[in-house]
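A.B. asks: this is a predicted model, with the sequence first.
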Amino acid sequence: MANPWTGEVALVINQQRRVLKLTLGALAELEQELETVSLVELVQRFEGSEFSSRDILAVIGAGLRGSGADISRTDLLQADIDGGPMAAAKAAAELLARAFMVPGEA
């Protein structure tokens, strides 16, 4: 089960429930992959609903790798995500929010 207090988010990918988490290493990978000046820039894109499908897939991929899953970008591009693009976008936004949540905030 995903633990929101440790930054985890659950998402069903290819009929398998996965737990995603953005570790510091996953965040660094994400920053490099999306060539953002800072992660704050990425968070602002999600807050302003100005994110792209590339952003969503990059966040989900980083979250999967942060939780120890070995999934390639190619596999993720071909994956079936329960709930479709909206569920994927919601999971990505939650991952980012939980990665920067201060303990005790709700």
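C.D. replies: Received it, and whenever you're ready, just let me know what you need.
A.B. asks: so how far is Gln78 from the residue lying closest to Ile56 once chain neighbours are set aside?
C.D. replies: Of all residues not flanking Ile56 in the chain, Ala92 sits nearest, at 4.6 Å (C-beta to C-beta, 6 or more residues apart in numbering). Using the backbone N, CA and C atoms, a C-beta is placed for each residue, glycine as well. Note on Ala92: its distance to Gln78, by C-beta to C-beta, to the nearest Å, is 18 Å.
A.B. asks: neighbour count: the two, which is higher?
C.D. replies: Using other C-beta atoms under 10 Å as the criterion, Ala92 and Gln78 rank with Ala92 on top: 26 against 8.
A.B. asks: what helix or strand does the closest residue to Arg65 other than its chain neighbours sit in?
C.D. replies: What sits nearest to Arg65 in space, not counting adjacent residues and going by C-beta to C-beta, 6+ apart, is Ala26, at 5.7 Å. Ala26 belongs to helix 24-34 when assigned by DSSP states H and E.
A.B. asks: neighbours of Leu42, how many?
C.D. replies: Neighbour count for Leu42, taken as other C-beta under 10 Å: 21.
A.B. asks: for it, phi and psi?
C.D. replies: phi -70, psi -40 (degrees, to the nearest 10).
A.B. asks: from now on call the first residue 8
C.D. replies: In the new count, where the first residue is 8, that last one comes out as Leu49.
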